[in-house]
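**Q** Okay, predicted coordinates and the sequence, questions at the end:
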Amino acid sequence: MMERICDLAAVPDGEILRVELSGYRPLAATLLDGRVYVFPDTCPHAAESLSKGWVEDGRVVCGVHFAEFGLADDEVVNRPVGCPDLVKFPVELKDGAVYADLSKAEAA
Amino acid sequence: MSALPAITEPFALEDRPAGADVQAEVERFYYREARLLDAERYQDWLDHCVDRDIHYWMPDMDTRRRDDPRGTYAHGEAAYFDDSYAELSTRVKRFAQPSAWADNPATRHLHLISNVEAYETGRSGLVAAFCAWMNVRNRNETDQDVLHGRREDVLRRSDSGLKLVRRRVFTVQNVLLTKNLNTFL
Amino acid sequence: MCKPDMAPVYPQASSYPHLADLIRSERAQVDRRIFWDEEVYKAEQQQIFARAWLFVAHESQIPDPGDFIRTTMGEDDVIVVRQRDRSVQAFLNACPHRGNRVCMVDAGKKARGFICNYHGWSFGIDGALRGTDGKVYDTDAHFEKAQINLTPVAQIESYRGWIFATFDPDAPPLTEFFGPFTFYLDAFLDNDEGGTEFIGGATRNLVDCNWKFPAENFVGDILHAFWTHQAGAAAILGGGVDLGPHYAERAFQASVFGHGIETNLDKVGNTRTLGYPELVQYVFDRYPAMVERLGETRARMVGAIGSCTIFPNLSFLPGQNTVRVWHPRGPHQIELVSWTVVNRAMPEHIKELYRKGVMMTFSPGGVFEMDDGENWEYATRTNRGFVTRHQPLHYALGLGTEAPEKGLPGHVCRGSLNDANQRQFYRRWSEFMRHDNWGDLQAAETAPPQHQEAAE
């Protein structure tokens, strides 16, 4: 179901915003090339916070083992063995706010 | 006479190995050069083996990650040799001094050459050659230093046979396991 | 309930008067055990290398955040890393999990962090543990990630671009460790706008000698140049080393806290030995500007025959632009790492000539350096003999040549052909063996004489 994540204006361009919504594990949002992406803040590899990483060359880079998860595509660079893909939630923009379909998001 | 390759350019056309005659000539060149150096006949080496346009380079071999942009060596940075004929001659001048104390008594030298490959260069009068080398220097009772590495060379045809006009020496050592380099590699 | 204490440990110095007494200042003699014994070497690791300020890098080697070099402080492997806020930090290159190195390379650019190859523990460029591999530590009830970091050096400071670090939280600031020796350092580190930079890469080799032999050689032994370096001088200069007709009134040795410089004040003597006349011309042409900036004495020093050691084991040759650290690898071996230093303001072709000149003279194949190694190896090795070890060594050249001079800080002696700086070097060594605190160390005999006025 579509949940309100945050104000559109709050999403940083090229940086990662951590968003805590009650009932869900922490989420992250970023703006890249005019598109908003929403994904779990928890790196699929080893439970570290992706908002402590950064965005480089169109990919979210985890600051721990430097796995790079593509945003516009699903390319993963430098994937540690066994690390799954990063889930990206479907996003809608409405009335200056960001909404995302969190039906696949992990509950808190 | 063809223009000479720069010291950092590829020397060999790797899909054009030289013919058997040239391969044999290159091997003879290397073995003779090694024998002259073993005997410390440095002036003979300069006179018979080294072209006046020589560029002789042995870079420091850093330990670097595979994806490092600078790589394990870089021309223009630290080097053990980066010589023109003038610099090689200066080194030979020191060897010729009776007061070269680190060479009296004489070091016992051995240059072993192997893995010789001769290739065409696409430039007339020039032959490219690869080889692997082992250098042993033994002094006094038990001082022995052994170094290993490869060379990438260009030899130029002259009236008196092949002469060395480009040399890149790559040792497999990062920290040289020797107190000095009192030879040519 | 068991709880690990993961705080860094900076071992304290102790006091070894019986080792300090191996230096007999009243006889200008040293006991040869200082060059041979394992016991002495172990004490040096604790008393000197675990607390002195040691050179680790030049700022120019790590310009951008994430740039790093790997080096050693004594025998401790260390990574020196440029931080995002442009400061520099340095850490022990050992994972706090099982101790494996986290950095296997000599240097790198723009690292994102350091990951240990053993269990995937990942450290940021600030040394903080970012995470481990797999999720097992996340569910470990007692794991405190924030407490576990690469051990930082206790202090790190930069003097005119030269970065030094210490493992001792109580060490005084770097400029106090130098004392007024900075007066002499500035002649080399600050003789032109923009200061210095290192040319890339390094030459490295092992020499089987005790670290103190090359350190004392560079601190004050210009005498050896006449005999040892005859062949190198003949090859480059066509003649011998010559201190020239003004030696008696100009040449001197100066020492502060064991750091020492000897100089012939001949403007270009060392530069000349690089073998490129253009460099000599360059230094001559710069002389008036250097007089303006540093005063006449120091301007004369810049290219002059001379040598310098910063206690304990950093040395360089002014004018010849080689900088090196004699890293101890046991009592009978050093790893020598050597760089070429140039002024940032020098034109590119001048820097290139310095690079080649240093290679030709002071690298393992260098026509000068080639003849030094065997001297130091056998000076060390003869001490293998039990009886030989008991014999005295002569360090008494130039006794009574002390000549304090206005404007020259430290213990100054007339004539660079002297053992005065060597005696001060060993006196400082002895002070480090004897004193367990910096108060005593900085008030000891090698401190600059009390009555001195400030240098011009």
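**A** Sure, I can see it. Because the structure is predicted, anything quoted here is derived from the model rather than measured.
**Q** where does chain B come near chain C, residue by residue?
**A** With the criterion set to Cβ under 8 Å from any Cβ of the partner chain, chain B comes near chain C through B:59-60, B:62-65, B:68-70, B:73-74, B:76-82, B:87, B:90-91, B:93-94, B:97, B:99-102, B:139, B:143, B:174-182. No exception for glycine: its C-beta is placed from N, CA and C like everyone else's.
**Q** quick one: pLDDT of the residue most central in space within chain A?
**A** Nearest residue to the geometric centre of chain A (Cα atoms, centre = their mean): A:F39, 2.8 Å. pLDDT, A:F39: 97.
**Q** in terms of contact, does it touch A:L32 like I think?
**A** No - A:F39 lies out of contact with A:L32 (Cβ atoms under 8 Å); the separation is 11.7 Å.
**Q** List the residues that contact the residue of chain A found nearest chain B.
**A** At 10.2 Å from chain B, A:N78 is the closest residue in chain A, using Cβ to the nearest Cβ. If a contact means Cβ atoms under 8 Å, 6 or more residues apart in numbering or on different chains, then A:N78 has A:65-68 as its contacts.
**Q** mind running it again at 6 Å?
**A** Listed by Cβ atoms under 6 Å, 6 or more residues apart in numbering or on different chains, the contact partners of A:N78 are A:66-68.
**Q** List of residues touching the helix or strand where C:A57 lies?
**A** Element membership for C:A57, per DSSP states H and E: strand C:54-58. Strand C:54-58 has contacts (Cβ under 6 Å, 6+ apart) with C:69, C:71, C:73, C:80, C:90, C:161-165, C:198, C:314, C:325.
**Q** Now chain A against chain C: closest residue?
**A** A:V64 (3.6 Å).
**Q** gap between the residue lying closest to that residue once chain neighbours are set aside and C:H119?
**A** If the residues on either side of it in the chain are set aside, A:V64 comes closest to C:G131, at 3.6 Å by Cβ to Cβ, 6 or more residues apart in numbering or on different chains. Noted for C:G131: a distance of 11 Å to C:H119, by Cβ to Cβ, to the nearest Å.
**Q** residue ranges of the strands in chain A, please?
**A** Applying DSSP state E to chain A gives strands spanning A:2-7, A:17-19, A:27-32, A:35-40, A:54-56, A:59-61, A:68-70, A:76-77, A:91-94, A:97-101.
**Q** related to what we said a few turns ago, just name the closest of the contacts of strand C:54-58 to chain B, please.
**A** Nearest member of the contacts of strand C:54-58 to chain B, counting by Cβ to the nearest Cβ, is C:F198, at 9.4 Å.
**Q** Let's test this: mean pLDDT of whichever helix or strand B:Y80 is part of, rounded?
**A** Per DSSP H and E, B:Y80 falls inside strand B:79-83. Mean pLDDT, strand B:79-83: 98.
**Q** Note down every partner strand of it and its orientation.
**A** strand B:50-59 (antiparallel) (DSSP bridges).
**Q** In the strand it pairs with, which residues are buried?
**A** B:50-51, B:54-59 (16 or more other Cβ atoms under 10 Å in any protein chain shown).
**Q** ok, now stretch C:127-142?
**A** C:127, C:129-133, C:137.
**Q** C-alpha coordinates for that stretch, CSV please?
**A** Coordinates of each C-alpha in stretch C:127-142 appear next as CSV, following Å, rounded to 0.1, in the frame of the first residue of the first chain:
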residue,chain,number,x,y,z
GLY,C,127,39.7,4.3,11.4
ALA,C,128,36.2,3.6,12.7
LEU,C,129,34.8,0.2,12.4
ARG,C,130,31.9,0.5,9.9
GLY,C,131,30.8,-3.0,9.9
THR,C,132,31.7,-6.7,9.6
ASP,C,133,30.8,-9.3,7.1
GLY,C,134,27.5,-11.1,7.5
LYS,C,135,25.0,-10.3,10.2
VAL,C,136,26.2,-12.3,13.2
TYR,C,137,27.7,-9.3,15.0
ASP,C,138,24.5,-7.4,14.6
THR,C,139,22.6,-10.0,16.7
ASP,C,140,25.5,-10.3,19.2
ALA,C,141,24.1,-8.8,22.4
HIS,C,142,27.5,-7.6,23.7
